[in-house]
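A.B. asks: Predicted model follows, preceded by the sequence.
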Amino acid sequence: MNPSDEKMWATLVHVGGALFGFLPALIGYLVLKDRGPFVRAHTATALNFQLTLLIAEVVGYVLMIVLIGFLVVPLVYVVRIVFSIIAAVKANKGEWYTYPVAISFVS
């Protein structure tokens with residue numbers, strides 16, 4: 001895959017994560033991980049971040065029982081949108097990016 005295609009797919013994976021959660025990152029990782037080092041790094045980073053936020057979201061829904069979850073869940077959505085947009089901009093510029101808060105599930 002040429003560098004411009006890698007940048008495009010890396011950007012789309014991050015934007016998809018902002019809109020649809022972990023599914024675009026998972027599909028992108030499974031399909032594109034062997035297409036180039038840049039797109040592999042970005043899809044793995046996006047998948048790790050989205051899975052981390054999925055865990056935080058589930059914890060937030062459980063914590064709604066004690067009312068703190070009503071703050072956690074919207075915060076997770078804001079964090080997902082903001083950091084996914086930052087990552088998409090970095091990917092579009094051809095820069096490497098690592099999310100500041102992400103558990104490393106895949107590499």
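C.D. replies: That came through, no problem.

A.B. asks: Run through the residues that contact the residue nearest to the spatial centre of the chain.
C.D. replies: What sits nearest the mean C-alpha location of the chain, by CA atoms, centre = their mean, is Ala46, with 3.1 Å. Listed by CB atoms under 8 Å, 6 or more residues apart in numbering, the contact set of Ala46 reads 13-14, 17, 24-25, 28-29, 84, 87, 99. From N, CA and C alone the C-beta is placed, and that goes for glycine too.

A.B. asks: confidence score at the residue lying farthest from the centre of the chain?
C.D. replies: Relative to the mean C-alpha coordinate of the chain, counting by CA atoms, centre = their mean, the farthest residue is Val66 (28.2 Å). Note on Val66: pLDDT of 94.

A.B. asks: on that earlier part again, tell me how far the residue nearest to the centre of the chain lies from Ile27.
C.D. replies: Distance, Ala46 to Ile27, by CB to CB, to the nearest Å: 11 Å.

A.B. asks: Next: Ala10.
C.D. replies: 14 Å.

A.B. asks: Residues contacting stretch 18-29, please?
C.D. replies: Residues contacting stretch 18-29 (CB under 8 Å, 6+ apart): 9, 12-13, 15-17, 39-40, 43-44, 46-47, 49-51, 53-54, 80-81, 84-85, 88, 106.

A.B. asks: Which among these count as buried?
C.D. replies: For these, a burial check counting by 16 or more other CB atoms under 10 Å picks out 9, 12-13, 15-17, 39-40, 43-44, 46-47, 49-51, 53, 80, 84, 88.

A.B. asks: which residue ranges form the helices in this protein?
C.D. replies: With helices called from DSSP state H, the chain shows them at 3-20, 23-32, 37-62, 69-92.
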